Each structure stands twice: as C-alpha cells, then as structure tokens.
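> I need the structure of the sequence given here:
(one chain, ligands or ions: 1)
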Amino acid sequence: MLSSNRDQFTSKLGFILAAAGSAIGLGAIWKFPYTAGTNGGSVFILLFILCTLLIGLPILMSEFLIGRRAQADTVSAFHKEAPGKPWFLGGWLGVTVSALILSFYGVVGGWILSYLFRAITFQLDGGSEAHYGELFNELISNPVEVIFAQALFMFLTVFIVQGGIKGGIERAGKWMMPALFIFFVLLAIRSLTLDGAIEGVKFMFVPDWSYLNMETLLNALGLAFFSLSVGVGAMITYASYLPKSETITSSAFNVAWMNIAISILAGLVIFPAVFALGYSPTQGPGLVFIILPAVFEQIPMGSVLVIVFFILLLFATLTSSISLLEITVSVFVKEKYAARRKLSWIVGAVIFIAGIPSALSFGHWSHITIMDKSIFDFIDYMTANVGMPLGALLFSLFAAYYYSTKITQQELNLSPAMYWIWRASVCVVAPVAIVTISLYNLFA
Ligand code: PFF
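Prediction:
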C-alpha cells in the first residue's frame, strides 16, 4: 500500500480506515476537550461542528479529488495537474506545516507512551485529585523522560512508515476504531453518572453566547482543519493511493461524522468528570491526561482497563502521525533524494530534533515565549490557525477554480443539490470565512 512509491490501497475499506485513522487522533481526543475547555465549551463546540461540516468537509472532498485524480504526492500532484503554474508551492507549504505539526505531535505521543508505562506499572491509580495534576506536571517538566518518550514515539512512527504499512492499517484499524469507540461510550457513561456531572453537560450544550467572537471562531476553524487532517496535503497523499474507480465522497462523509462523534464522546468523558471531581476545564494541554486516570479510578478494574485504553490511544495517535510523516516522505521519494527507507529515518530524525524545543517548553524552556506563547503553544497555534487555513484555502480554490465544473461533477459524483452545496462552500463560503477570520485575528 504505502510501502513502495506508487502502490495502491487494496480495498476501499483500507482507504477509509487510513483516512479516518489520520483524522481521528489527538485532535478529537486531546485537543478538542482542552480547546473547548479554554474557549467556554458550548459555543465553541457548536462552531467546531459547523466549521467541520460547512468548511472542513468540502475541503476534505477537494483534497480527495485532487489526490485521486493526480495519483501523486502533494507536490507532484500540482505539477501534474497544473504544469508550469505556481500551485505546487501549496504542496511545499503542506510539507512544511505537516513537519511542524509532527514536531509537537511527537511530544504528546511521547506523553501517551509515558502514561502507558505508568499504567502498566500501576503508578496511575490510587491518587487524590491533586495527585493527577502533579503527576502530569512532573512528567512534562522532566526533560529526560519527555525527550526519551518523544524519541520512542517518533521511532515507532518512522518504523511503520519506512517498512510499509501494507495491510497494517487495515488490520489494526478494523478492530481498533470500534474498540476505542466502545471504550469512550463506557467511560462517558461512568463520567455522566458521577455526582455533579450535569454541570459538565451544561458546559458542553447550554450556550454561553459571551464566547461568540472571532477568536473562538478562529480556534474552532483551526481545530476543524487539524482534526480532519486537511490543509497540509495528508488527504491528497492518501487519496493518491486510491484506484481511480473508487468513490471518494462517502469516505469524506464517514471521516467527518466519525471525527465529530469521537470528539463529542471525548467531551462527554472529560467535562462531566471535570465538574464532578472539582477540576477546572481551563487547564490546557494537560486536561485529558489529568482527567482520564481520575475517571478510570471510578471504574471497577480501572487500573487494568486504563492500560488497554492507553494502548488504543497510542494506536489512534500513530495512525495520525504516520500520515503526517508520509506527506514529506512521499514527496522526497518522488524527487528520488534517496530510498523510502533511508528517507523515512532522516526525515523522522530531523522532525524529532525540531520537536525538542517544544518538548522542553513545559519545563526547562518554559520561560521562552514567542508572542506570549510557549514554543509548543506557538507552533501549535501557528500551524492550526495560520498554516492549515492557508493550505486549505489554496486547495479549495484549486479544486473550485482550476478544474472545470464538468470535471468536478464527474469526480465527486454527487446529487445536483449536494454538488452545488459543495461548490458554494469551496468557491465562496470557505475562502471568505478563512480570509475574514484570519485577517480579523491578525489585525484586530
Ligand atoms: N487529524 C490528526 C488528529 O486529529 O490528531 C492530526 C493531523 C494528522 C493533522 C495529519 C494533519 C495531518 F495532516
């Protein structure tokens, strides 16, 4: 499948699982709860769902369209489809932004490995509420542990990408996604039945309109792009491994609804517990790592189940990180800089090194700030709120204006009404929204 340069997915299921695997990861499970937490909950969640369906999904369809048509990596795709034109620069933007995302994604992947290790050695249970907060702070401020864990996570990512993942995603994805889903449903039930859980539900669903502003909107838009893996070419790359005969629109719908479902479920696990157990929803990146062990503690056999859970979370995170690495590797393989195997290790090593400042930004380097943000937050913010929207804008404009209506109609194979909704989104709604929201936040 992805092992050699131009292999193809052997089945449509393989493609959906790979695309859903790329989308569903830290975005839904880690970033959604903490960003919703710091942006007031309900209104942010509503905006996130709207941005996903009205802007993210049509752009996802556009990326699928470009990739399947071009059958090439995200840079060559534009060389092929628009020879002699500068559109390929959008592909290079995607390469740069995806590498930056992976640099901090690897840090959080490392945290998951550290938590998994603690779960296996039964160091996660039996704490007080404050204990979980301390545990997290201890971990993220320990330079040796975070960098070692980040290195291990990047090693796993490279290992999968370099050796090829033929059938691997399909096999793992088939049981992993449903298992993760079932786990979240069970956890949500436990969390919702805690005393005082209702406050968390209100936080998620009763709108507090004072949070309705352009900054919340930008954060929701950024999260929608991050969560759907759009705007950097990941989905162009994956769709390029899809035979031309396979349909893309149903896959795009499936990816979008599953991503929203897992995000809401993650919220229903985290927020009721946050309020019931007396935490604050505005803790930032540590929220999920502090709350989850606390919820498991409330469950019979929790100390064993938490191990299984972190293994599933690791899988979900790896199926996203490999798609991030695959973007750059597939471009460089095509440019014939070296063989896939060697390139994967080199690119992985460079990205790992680039991520070290982010890893240290919670401890030794926490005093270093750029635009009032830690290094980690700055890269996270710039990639999701500037890089991805810009890439998404270019890809949607390309699909909307470079291709003829006849081509896009044929490629997407939608009902007339749905087709015009897609067109309205990529021609007008998405570009106008991205430009207005970004410029407002830049200059306001
Ligand atoms: N969608 C992934 C997540 O939510 O964890 C992150 C991601 C993967 C972003 C691949 C971008 C990408 F190209």
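> for the ligand, what's the nearest residue on the stretch 301-444 of the chain?
Across the stretch 301-444 of the chain, the shortest distance to the ligand (CB to the nearest ligand atom) belongs to residue 320, at 4.0 Å. C-beta coordinates here come from the backbone N, C-alpha and C atoms, glycine included.
> now the helix or strand that contains that residue: mean pLDDT?
Taking DSSP states H and E as the definition, residue 320 sits inside helix 302-334. Mean pLDDT, helix 302-334: 91.
> after that helix comes which helix or strand?
Assigned by DSSP H and E, the successor of helix 302-334 is helix 340-360.
> what's the burial count for the closest residue to the ligand within the stretch 151-300 of the chain?
Taking CB to the nearest ligand atom as the measure, the stretch 151-300 of the chain has residue 234 as its residue closest to the ligand, at 3.0 Å. The number of residues packed near residue 234 is 28, by other CB atoms under 10 Å.
> name the nearest residue to it, sequence neighbours excluded.
residue 323 (4.7 Å; CB to CB, 6 or more residues apart in numbering).
> specify the angle between the helix holding residue 320 and helix 340-360 in degrees.
130 degrees (axes from the mean of the first three to the mean of the last three CA atoms, to 10 degrees).
> tell me how far helix 302-334 is from the chain's mean position?
Chain-centre distance of helix 302-334: 10 Å, with CA atoms, centre = their mean, to the nearest Å.
> and for stretch 255-272?
13 Å.
> buried ones in it?
255-256, 258-260, 262-272 (16 or more other CB atoms under 10 Å).
> do the same with stretch 173-193
For stretch 173-193, the neighbour count (16+ other CB under 10 Å) marks 173, 176-177, 180-181, 183-184, 187-188, 190-192 as buried.
> which of these fall in helices?
173, 176-177, 180-181, 183-184, 187-188, 190-192 (DSSP state H).
> before we move on, back to that, what is the burial count for the nearest residue to the residue of the stretch 301-444 of the chain closest to the ligand once chain neighbours are set aside?
In this structure, residue 320 finds its nearest non-sequential neighbour in residue 25, 3.2 Å apart by CB to CB, 6+ apart. When neighbours are defined as other CB under 10 Å, residue 25 has 29 of them.
> now residue 278
Residue 278: 10 neighbours (other CB under 10 Å).
> tell me the secondary structure at it.
Three-state assignment for residue 278 (DSSP: H, G, I helix; E, B strand; the rest coil): coil.
> backbone phi and psi for it, please?
Main-chain dihedrals, residue 278, degrees, to the nearest 10: phi 80, psi 30.
> what does the chain put close to the ligand?
22-23, 25-28, 98, 101, 226-227, 229, 232, 234, 320, 323-324 (CB under 6 Å from any ligand atom).
> any of the residues you listed buried? List them.
Counted by 16+ other CB under 10 Å, these give 22-23, 25-28, 98, 101, 226-227, 229, 232, 234, 320, 323-324 as buried.
> pick the one among those residues closest to residue 125.
Ranked by distance to residue 125 (CB to CB), those are led by residue 26 at 23.8 Å.
> so who does that closest one touch?
For residue 26, the contacting residues are 105, 108-109, 317, 320, by CB atoms under 8 Å, 6 or more residues apart in numbering.
> now do 10 Å
Residues near residue 26 by CB atoms under 10 Å, 6 or more residues apart in numbering: 32, 101, 104-105, 108-109, 111-112, 226-227, 285, 288, 313, 316-317, 320-321.
> residue 347 now?
95, 99, 102, 158, 161-162, 325, 327-329, 331-332, 337-338 are the contacts of residue 347 under CB under 10 Å, 6+ apart.
> recalculate using a threshold of 8 Å.
Contacts of residue 347 (CB under 8 Å, 6+ apart): 99, 158, 325, 328-329, 332.
> one more: residue 117?
No contacts exist for residue 117 under CB under 8 Å, 6+ apart.
> i'd like the first residue to be 22 from this point on
Okay, using 22 as the starting number, the last item reads as residue 138.
> let's verify it: helix, strand, or coil?
Classification of residue 138 by three-state DSSP places it in helix.
> do you know how far it is from the ligand?
Here residue 138 is placed at a distance of 21 Å from the ligand (CB to the nearest ligand atom, to the nearest Å).
> residue 61 now?
21 Å.
> wait, that residue touches residue 230, no?
No - using CB atoms under 8 Å, residue 61 is not in contact with residue 230; the gap is 9.4 Å.
> one step back: can you pull the contacts of the residue of the stretch 322-465 of the chain closest to the ligand?
42-48, 126, 250.
> quick one on the thing from earlier: of the contacts of residue 47, which belong to helices?
53, 122, 125-126, 129-130, 132-133, 247-248, 309, 334, 337-338, 341-342.
> what's the closest of these to residue 400?
The closest of these, once distances to residue 400 are taken by CB to CB, is residue 125, at 5.3 Å.
> hang on, the closest one packs against residue 376?
Yes - the pair residue 125 / residue 376 is scored as a contact, 6.0 Å apart, by CB under 8 Å.
> more crowded one of those two?
Legend: neighbour count by other CB under 10 Å for residue 125 and residue 376, higher for residue 376 (29 against 26).
> what pLDDT is listed against the closest residue in space to that one that isn't next to it in sequence?
Spatial nearest neighbour of residue 376, chain neighbours left out: residue 124 (3.7 Å); criterion: CB to CB, 6+ apart. Looking at residue 124, its pLDDT reads 98.
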